[in-house]
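Peer 1: need a structure here:
(one chain, ligands or ions: 2)
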Amino acid sequence: MRILSGIQPSGALHIGNYFGMMRPCLELQKKGQAYLFIADYHALTQQPDPAELRARVLDVALDFLACGLDPEKAIFFRQSDIPEVTELTWILNCQTPVGLLERCHSYKDKISQGLTPNHGLFSYPVLMASDILIYKSTLVPVGKDQKQHLEVTRDIAIRFNNRYGKILTVPKEMIQENVAVVPGVDGEKMSKSYDNTIEIFDEEKALRKKVMKIVTDSTPVENPKDPDTCNVFALYKLFASDTETSDLRDRYLAGGMGYGEAKQALFEQCWEFFRPMREKREELSKNLDGVEDILVTGARKARKTAAETMAEVKTAVGL
Ligand code: ADP
Ligand code: TRP
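Peer 2: Ligands and ions are numbered 1, 2, ... in the order given. Okay, the predicted model is just below:
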């Protein structure tokens, strides 16, 4: 089994990223060869400030390592250290119908937000397909929002194989159904682009403030409350044990507990849950050269696999 996933260095890691993508990836690193990378080429579609992009890449590397990525087990690298992936993108671009990309929700969403798209944003899914296919990945753990991009990847791989012979591996996505969409403070999907995130490495005060901002309904303190429609409860469940979750559920149903109390309980769970990772991150950030070394070593290994696939692909297409 070859597991692969990537994350864009586009902002601080939030609870949605952690439960939707990072934790499943880290669990899988024990079960098969994992390729995990920081998608800095993808980040260019948003035209970030160069110094900020460089700093964010290191931030994401620290996040992953702090959360438990084991560089002895997983191959951890920066996407742009493998230029072959852009070479494969060009070849796959030439196999990708424009209509397939025009149908992508994430592209349509960005346009409907009023963004003038650059060509990189449009062909984003082809670069993502290359990321996956170049390492012959079999399993791709992602959040639900990436499902369509995996369908595009499979479509491209099948088209390529039909035309040139069975060279590319057709991958499957792995979506954590129970945490498929982690809600943000406003109850919508938690996302940097909706400004509703709770960052896992926030300072205590900032974290508490965000938790207290979570939107709830206006049921009075004394009345029973529905845990299953409450954003606070949805987040609490992610951190708490089964017993703690069922205790809080009972308190919701019994009435007499205000949402402020539930928020305080959530804050405490969240703060304690990430404590060891926070401490590890602090430690790692004192040795950024060591972090850079891990990325360079990972890139060397990933590049070897990428070069093998590229050689096969180029021969197949007649280059
Ligand atoms: P954002 O939406 O904040 O920009 P990204 O698009 O960079 O986050 O997502 C990085 C990874 O985290 C992806 O695999 C994505 O599916 C997952 N992810 C992001 N937000 C959530 C969420 N709210 N719930 C579950 N998974 C998520
Ligand atoms: N598009 C993904 C996101 O925004 C990041 C990504 C890039 C990715 N290439 C990938 C995820 C390959 C999985 C596999 O979250």
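
Peer 1: around ligand 1, pick out the residues from the protein.
Peer 2: Contact residues, the chain versus ligand 1 (C-beta under 6 Å from any ligand atom): 7-8, 10, 16-17, 20-21, 142-143, 145-146, 181-182, 189-193. (C-beta placed from N, C-alpha, C; glycine too.)

Peer 1: so which of those residues are in helices?
Peer 2: Among the residues of the chain next to ligand 1, the residues falling in helices (DSSP state H) are 16-17.

Peer 1: the residues of the chain next to ligand 1: which ones sit near ligand 2?
Peer 2: By C-beta under 6 Å from any ligand atom, the members of these lying near ligand 2 are 7-8, 142, 146.

Peer 1: mind putting these into a markdown table with pLDDT and neighbour count?
Peer 2: Compiled in a markdown table, those are given as follows (pLDDT from 0 to 100; neighbours: other C-beta atoms under 10 Å):
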| residue | pLDDT | neighbour count |
| --- | --- | --- |
| I7 | 91 | 20 |
| Q8 | 93 | 21 |
| V142 | 85 | 22 |
| Q146 | 91 | 21 |
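
Peer 1: in strands, which of the residues you listed appear?
Peer 2: The strands, defined by DSSP state E, take in I7 from these.

Peer 1: from the ones next to ligand 2 among the residues of the chain next to ligand 1, pick the one nearest L62.
Peer 2: I7 (12.6 Å; C-beta to C-beta).

Peer 1: of the ones next to ligand 2 among the residues of the chain next to ligand 1, which is the nearest to W90?
Peer 2: Q8 (20.9 Å).

Peer 1: how does this protein divide into domains?
Peer 2: Domains of the chain are assigned by automatic domain parsing as 2-181+288-317, 202-273.

Peer 1: would you mind finding the most buried of these?
Peer 2: Most buried of the domains of the chain, by mean neighbour count (mean count of other C-beta atoms under 10 Å): domain 2-181+288-317, with a mean of 18.

Peer 1: at which residues are the strands of this protein located?
Peer 2: Applying DSSP E to the chain gives strands spanning 2-7, 33-38, 75-78, 139-141, 172-174.

Peer 1: roughly how far apart are the closest residue to M174 other than its chain neighbours and L92?
Peer 2: Closest residue to M174 apart from its sequence neighbours, by C-beta to C-beta, 6 or more residues apart in numbering: P141 at 4.4 Å. Per C-beta to C-beta, to the nearest Å, P141 is found 22 Å from L92.

Peer 1: with F37 instead?
Peer 2: For F37, the distance to L92 - C-beta to C-beta - is 18 Å.

Peer 1: same check, this time on I158
Peer 2: I158 sits 12 Å away from L92, going by C-beta to C-beta.

Peer 1: S193 now?
Peer 2: Distance from S193 to L92, by C-beta to C-beta: 26 Å.

Peer 1: tell me who's in contact with the residue lying closest to T305 once chain neighbours are set aside.
Peer 2: Distances taken as C-beta to C-beta, 6+ apart place Y135 nearest to T305, at 5.2 Å, with adjacent residues excluded. Contacts for Y135 (C-beta atoms under 8 Å, 6 or more residues apart in numbering) come out as 2, 4, 35, 302, 305-306, 309.

Peer 1: please consider this matter closed, and thank you.
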